[in-house]
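In: got a predicted structure here, sequence first:
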Amino acid sequence: MARGGFSRLPSGNVVVTLTLPHPEGADRGLVRVVVLAVNRQRALTRLRNLGFRAPRLSGNAEPPTPDEISAVLHHPEGLVWRPHDAPDTEPWHPISALRRLGAGG
C-alpha cells in the first residue's frame with residue numbers, strides 16, 4: 001500500500017504525495033511523487049496514466065511538506081519526484097526524467 005497524504009490549497013486544488021514503487025519495478029526502489037491536481041482522484045488518475053500500478057491514497061498519514069508543495073507549484077507539469085530515501089537537499093525532478101531513467105535501464 002502506498003504511503004502518502006494530501007493538502008488542499010486556498011485555490012481549491014490539492015497537492016497529493018505518495019511513496020510508490022518505481023514504475024519499472026519494485027527492484028528499482030521507491031520514489032516520492034508529488035502531484036498537483038483539481039482533486040485527489042484526478043491526481044491518482046494522472047499517476048496511473050504514467051504507469052504506476054494502482055496508486056491509492058487511504059488516509060493522510062504523510063501529507064506534503066512545504067518543500068513538496070513549493071516544488072510542485074513551481075513546476076509547469078505539476079508533477080515531480082525524487083527517490084524516497086534522497087536527502088532533503090536533492091532537487092525534485094520532472095516526471096519525464098523518471099520515464100527516461102526507466103527506459104535507459
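Out: Nice, thanks for sending it over.
In: and stretch 10-21, how far out from the chain's middle?
Out: The chain centre lies 7 Å from the centre of stretch 10-21; the measure is Cα atoms, centre = their mean, to the nearest Å.
In: neighbouring contacts of it?
Out: Contact partners of stretch 10-21, identified using Cβ atoms under 8 Å, 6 or more residues apart in numbering, comprise 2-9, 28-40, 43-44, 47, 52-53, 55, 57, 62-64, 68-69, 72-73, 84. Heads up, the C-betas are built off the backbone N, CA and C, glycines and all.
In: make it 7 Å
Out: Outside stretch 10-21, the residues that touch it by Cβ atoms under 7 Å, 6 or more residues apart in numbering are 2-9, 30-40, 43, 52, 55, 57, 62-64, 68-69, 72, 84.
In: ok, L20 - how many residues close by?
Out: 21 (other Cβ atoms under 10 Å).
In: part of a strand, is it?
Out: Yes - looking at L20 with DSSP: H, G, I helix; E, B strand; the rest coil, it is inside a strand.
In: quick check: mean pLDDT of stretch 25-43?
Out: The pLDDT scores in stretch 25-43 average 88.
In: give me the neighbour count for the nearest residue to G51 once chain neighbours are set aside.
Out: Spatial nearest neighbour of G51, chain neighbours left out: P23 (4.1 Å); criterion: Cβ to Cβ, 6 or more residues apart in numbering. Residues within reach of P23, counting by other Cβ under 10 Å, total 19.
In: and what of P87?
Out: For P87, using other Cβ under 10 Å, the count is 7.
In: ok, now which ones touch it?
Out: Contacts of P87 (Cβ under 7 Å, 6+ apart): none.
In: quick check: the one residue sitting closest to the centre of the chain vs P10, distance?
Out: Nearest to the mean C-alpha position of the chain, by Cα atoms, centre = their mean, lies V33 at 1.6 Å. With distances taken as Cβ to Cβ, to the nearest Å, V33 is found 23 Å from P10.
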